[in-house]
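# give me a 3D structure for the following:
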Amino acid sequence: MKSVRIAGRKVFPIGLGTANMGSDKSIYNQELEAIRGGLEAGIQVIDTAESYGNGDAENLVGHAIAPFDRKNLFLVSKVLPSNASKTQIPVSIDRSLKRLNTEYLDMYLLHWKGNIPIEETVLAMEKVKDSGKIKAWGVSNFDAEDIYALRRMDGGINCSTNQVRYNLGDRGIEFDLLPTLNQFDMALMAYSPIARGDQFGANLTKQKKVIELAEKYNVDVFQILLAWSIRDGQTLAIPKSSKIEHVLKNVDAATISLNSDDLRKLDEVSPKPTSKMPLALWY
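Okay, the predicted model is just below:
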C-alpha cells in the first residue's frame with residue numbers, strides 16, 4: 001500500500017478534505033457516510049478548519065470519527081490568521097478540539113498569512129505543541145520566500161508541512177516552492193488536487209490524452225488526475241467529496257502507477273513551469 005511521510009508518520013497518501021461540508025443539513029448524513037466510508041477503506045487523514053462553516057465541518061468530522069480508533073487517524077485543522085496570536089491560538093485550538101471531540105490534533109496549520117506577525121504565531125504554535133494539544137504544526141498558502149523566512153525564525157524549523165493548491169493545471173509550485181519543501185524535508189499537502197481547470201481555463205477532464213489514460217487503466221479521468229498529484233510519493237492529496245462513491249474512487253486512485261510515458265503525455269496537456277508563477281490561492 002502506498003504511503004507518504006508527514007510529521008514523522010507514514011499515512012495513506014490520499015485524505016479527505018471537508019471545505020463547505022457539515023452546514024447543509026439535507027445532506028449531512030450523506031457527508032457523514034462519505035467520511036466514514038473513506039476511513040473504512042483506508043483513509044487516515046482528514047483535513048478541516050475552524051473557518052469551514054464556522055465550525056460546522058469540524059463538528060461533522062467529530063461525529064464521523066466517533067466509532068474509529070483515534071490513534072489510527074491523522075486529524076488536521078487550521079486556525080484563521082485573525083486568531084493566530086499568542087492569546088487567540090489557545091482559544092481556537094480548544095474550540096476546535098471540542099468540536100472534533102478529540103484531545104489532540106495531529107497537525108495544526110496557519111490557514112494563510114495575516115496581519116499578526118508570523119514570529120508570534122510560530123511561538124504560539126510551539127507552546128500549544130508543548131501542551132500536547134497538537135502533535136505538529138504547519139502552514140498553508142505559503143510561497144517559497146515565505147518558507148525561507150519562516151525557517152530563519154525561532155522555532156520555524158519545526159514547521160512540518162505546507163498546504164497549497166496543486167493539481168495538473170496548477171503546477172506553478174514545481175518551479176521553486178516544491179524544491180524548497182523537498183530541501184527542508186517538509187511534506188506537501190495538496191488541496192484541490194483534481195481541479196478541472198488549469199491556468200488557461202481548459203477543462204482537463206475533456207483533454208484527449210487524459211481520457212486515453214483513463215481508458216488505458218479502466219478508471220475515470222478524475223482518478224487519473226488524482227494519481228498524478230501523488231505520483232512522487234511525497235505528496236499528500238486531500239480531495240473533497242461529499243459522496244461515498246466518489247470517496248471510494250479517490251481511494252482506488254492510489255493503486256494507479258503512472259509510468260514515464262503516461263507522465264510525458266500529461267506534461268503535454270499541462271506543461272511544467274519554466275519560470276516563477278504566482279501561488280494559486282483558494283481559501
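# then the host helix or strand of residue 63 to PDB, C-alphas only?
Element membership of residue 63, judged by DSSP states H and E, is helix 56-65. In PDB, the C-alpha atoms belonging to helix 56-65 read as follows (Å, rounded to 0.1, in the frame of the first residue of the first chain):
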ATOM      1  CA  ASP A  56     -19.700  23.000  11.100                       C
ATOM      2  CA  ALA A  57     -17.100  21.000   9.200                       C
ATOM      3  CA  GLU A  58     -15.200  20.200  12.500                       C
ATOM      4  CA  ASN A  59     -18.500  19.200  14.100                       C
ATOM      5  CA  LEU A  60     -19.200  16.800  11.200                       C
ATOM      6  CA  VAL A  61     -15.700  15.300  11.400                       C
ATOM      7  CA  GLY A  62     -16.100  14.900  15.200                       C
ATOM      8  CA  HIS A  63     -19.300  13.000  14.700                       C
ATOM      9  CA  ALA A  64     -17.900  10.900  11.800                       C
ATOM     10  CA  ILE A  65     -14.800   9.700  13.600                       C
END
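# neighbouring strands - and their directions - for the helix or strand that comes right after it?
The first helix or strand that comes after helix 56-65 along the chain, using DSSP H and E, is strand 74-79. Sheet pairing of strand 74-79 (DSSP bridges) gives strand 45-47 (parallel), strand 107-110 (parallel).
# do you know which of those lies nearest residue 204?
For the strands paired with strand 74-79, the distance to residue 204 is smallest for strand 45-47, at 22.4 Å, taking CB to CB. (Each C-beta comes from the backbone N, C-alpha and C, glycine too.)
# which residues touch the closest one?
6, 11-12, 15-18, 35, 39, 61, 64-65, 73-78, 163, 189, 191, 236, 238 (CB atoms under 8 Å, 6 or more residues apart in numbering).
# repeat for stretch 273-283
Stretch 273-283 has contacts (CB under 8 Å, 6+ apart) with 51, 111-112, 141, 143, 164-166, 170-177, 191-192, 199.
# please, where are all the strands along the protein?
If DSSP state E is used as the criterion, the strands of the chain fall at 4-6, 9-11, 16-17, 45-47, 74-79, 107-110, 137-140, 159-165, 187-191, 235-237.
# burial of residue 58, as a residue count?
Neighbourhood size, residue 58 [other CB atoms under 10 Å]: 29.
# so it makes contact with residue 77?
Yes. Shown here, residue 58 and residue 77 form a contact pair, counting by CB atoms under 8 Å, at 6.4 Å.
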